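Visitor: Have a look at this fold, sequence not included:
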């Protein structure tokens, strides 16, 4: 009698377990549709890997990712009314400034990066460059360098503003003029204790400088030998180390990854100009990625599930494996509201 009771309990547990599994499996496999993600180009490797994992869990769901400069992508959503479920920006501040509260109600800081100067063995004077003399190497007549467009990509305006910051760090007031002012239409002027940089619609680079709309588009230019050095994120350079890309680490203050220096960063601002000649102001901040789910997300349930995967231990490891520093638990920015309850366990407790 006792053995029959035990067998009955085991069977009941098995049935319940199968029911739970079947329900979960049914939900995952019955979900369908297209999840639309807009993401900074520097996030491509980690976002592609996350999307592949999500796809394995939701085989009937298509994940469509659009990459580019964060400012451009946000403009596509807010000005061109492009449909999207998720926006991941290389500058979390852009979501706060340009998407909240009309297009999004929350913004989660979830990863960090840093600026580096990438090069290859083909780069002129690469055996001499270091964290103390990089701006001197870049200024040499036969050396070409590249950076992303300050009007469309956070890596672009951060690179330009980092060069302005370098003047005070190295106590050399000619660095910006030599590298940027003499080779582009970008200008800078003193504003109290800080600087305002103007980046016109037509940057008009000289033959010494190559500019691309997004940071990810600089690496092929470097590898082809068309330029000697590029200002990129550490993750961009690390991901191509196996194909001969090298980089120098900048001094801590110039890496733009340490929040200790944020008061100094905020003294430097850049005015962006769009094709319609409308201007937008950007303040230099540490390199922190932000991500949000759109208020009018066509597939809000799928969007929340994707964010849940991204912020989970599995998603954090994917971010780390792609050379970005995860912020875990993630940190909602000031003013964030209506964060889905499914994400609460992955957020810092306030």
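Guide: Ah, there it is. Small disclaimer: the values here were computed from a predicted structure and weren't measured.
Visitor: Worst mean pLDDT across the helices and strands of this structure, which element?
Guide: Averaged element by element with mean pLDDT, DSSP states H and E, the chain has its least confident helix or strand at helix 2-30 (a mean of 44).
Visitor: List the buried residues in the following helix or strand past that one.
Guide: Following helix 2-30 in sequence order, the next helix or strand is strand 33-40 (DSSP states H and E). The neighbour-count check on strand 33-40 (16 or more other CB atoms under 10 Å) flags 35, 36, 37, 38, 39, 40 as buried. (C-beta placed from N, C-alpha, C; glycine too.)
Visitor: do the same with stretch 292-301
Guide: For stretch 292-301, a neighbour-count test (16+ other CB under 10 Å) marks 292, 293, 294, 297, 299 as buried.
Visitor: Narrow these to those in strands?
Guide: Using DSSP state E, the members of the buried residues of stretch 292-301 that fall in strands are 292, 293.
Visitor: now the buried residues of stretch 292-301 as TSV including distance to residue 98 and pLDDT?
Guide: Below are those laid out as TSV (distance: CB to CB, whole Å; pLDDT from 0 to 100):
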residue	distance to residue 98	pLDDT
292	11	98
293	16	98
294	13	98
297	17	97
299	22	96
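Visitor: Relative to residue 327, which of the buried residues of stretch 292-301 is nearest.
Guide: residue 292 (14.7 Å; CB to CB).
Visitor: Which parts of the stretch 251-350 of the chain are helices?
Guide: 252-255, 262-265, 300-311, 313-321 (DSSP state H, counting those that start in this stretch).
Visitor: same check, this time on the stretch 101-250 of the chain
Guide: With DSSP H, counting those that start in this stretch as the criterion, the stretch 101-250 of the chain has helices at 134-139, 154-170, 175-176, 218-224, 234-239.
Visitor: Using CSV, lay out those together with distance to residue 315 and mean pLDDT.
Guide: Putting the helices of the stretch 101-250 of the chain into CSV (distance: least, CB to CB, whole Å; pLDDT from 0 to 100) gives the following:
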stretch, distance to residue 315, mean pLDDT
helix 134-139, 34, 98
helix 154-170, 22, 97
helix 175-176, 39, 98
helix 218-224, 24, 96
helix 234-239, 16, 96
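Visitor: rewinding a little: return the most buried member of the helices of the stretch 251-350 of the chain.
Guide: Of the helices of the stretch 251-350 of the chain, the one with the most neighbours on average (mean count of other CB atoms under 10 Å) is helix 300-311, at a mean of 21.
Visitor: for this structure, which spans come out with low pLDDT?
Guide: By pLDDT under 70, the weakly predicted segments of the chain are 1-30, 274-278, 350.
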